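In: show me how the following folds:
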Amino acid sequence: MENDPSMRRSVERLLNAHGFPTKGYTSAEAFLGRDAEIKIGCIVLDVHLDGMSGIELRHRLKDSGTNFPVIFITAIDDDALELEAAEVGCIAYLHKPFPASLLIAAINKAVPDSSTD
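Out: Residues are numbered from 1 along each chain as shown. Take a look at the predicted model:
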């Protein structure tokens with residue numbers, strides 16, 4: 001999930017180019033309203049979204065027993081937020097701009113049987 005349209009498109013294109021099917025959402029609320037039949041391997045989630053934050057969404061999913069692997073991305077350098085992300089369980093915490101290889105490696109770690117490299 002990414003509220004910046006150009007960043008969301010860039011991430012989607014990168015993942016598609018590496019063979020990962022994607023579905024982008026503009027907000028946590030849009031994600032929560034998604035079709036429940038959509039298969040999810042992991043979530044690439046911006047920490048700072050309009051409305052519910054990425055951290056809040058992760059808490060909500062975890063509290064409901066939904067435990068998708070999460071990769072957080074952010075443009076903000078905040079040690080306390082990074083610690084909180086680690087505490088709610090994330091596979092990776094990437095600072096924008098991040099090398100494409102780091103995101104691909106994190107997804108392969110999150111969903112080991114999805115490796116396309």
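
In: please name the nearest non-neighbouring residue to residue 76.
Out: Nearest residue to residue 76, sequence neighbours excluded (C-beta to C-beta, 6 or more residues apart in numbering): residue 48, at 6.3 Å. Every C-beta, even on glycine, is put in place using the N, C-alpha and C of the backbone.

In: bridged to the residue most central in space within the chain, which residues?
Out: Centroid-nearest residue in the chain, with C-alpha atoms, centre = their mean: residue 44, separated by 1.4 Å. Beta-bridge pairing for residue 44 (DSSP bridges): residue 71.

In: hmm, it is touching residue 1, no?
Out: Yes. Between residue 44 and residue 1 there is a contact under C-beta atoms under 8 Å: 7.5 Å.

In: for the lengthiest helix in the chain, buried residues please.
Out: Determined from DSSP state H, the single longest helix within the chain is helix 5-17. Neighbour-count burial for helix 5-17, counted by 16 or more other C-beta atoms under 10 Å, picks out 7, 8, 11, 12, 14, 15.

In: out of these, the closest to residue 75 would be?
Out: For the buried residues of helix 5-17, the closest approach to residue 75 (C-beta to C-beta) belongs to residue 7, at 8.8 Å.

In: re the thing from before, now do the contacts for the residue nearest to residue 76.
Out: Taking C-beta atoms under 8 Å, 6 or more residues apart in numbering, we find residue 48 in contact with 3, 54, 74, 75, 76.

In: out of these, list just those in helices.
Out: residue 54.

In: want to throw the contacts of residue 48 into a markdown table with distance to residue 107 and neighbour count?
Out: Formatted as a markdown table, the contacts of residue 48 follow (distance: C-beta to C-beta, whole Å; neighbours: other C-beta atoms under 10 Å):
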| residue | distance to residue 107 | neighbour count |
| --- | --- | --- |
| 3 | 20 | 17 |
| 54 | 16 | 27 |
| 74 | 17 | 20 |
| 75 | 20 | 12 |
| 76 | 22 | 11 |
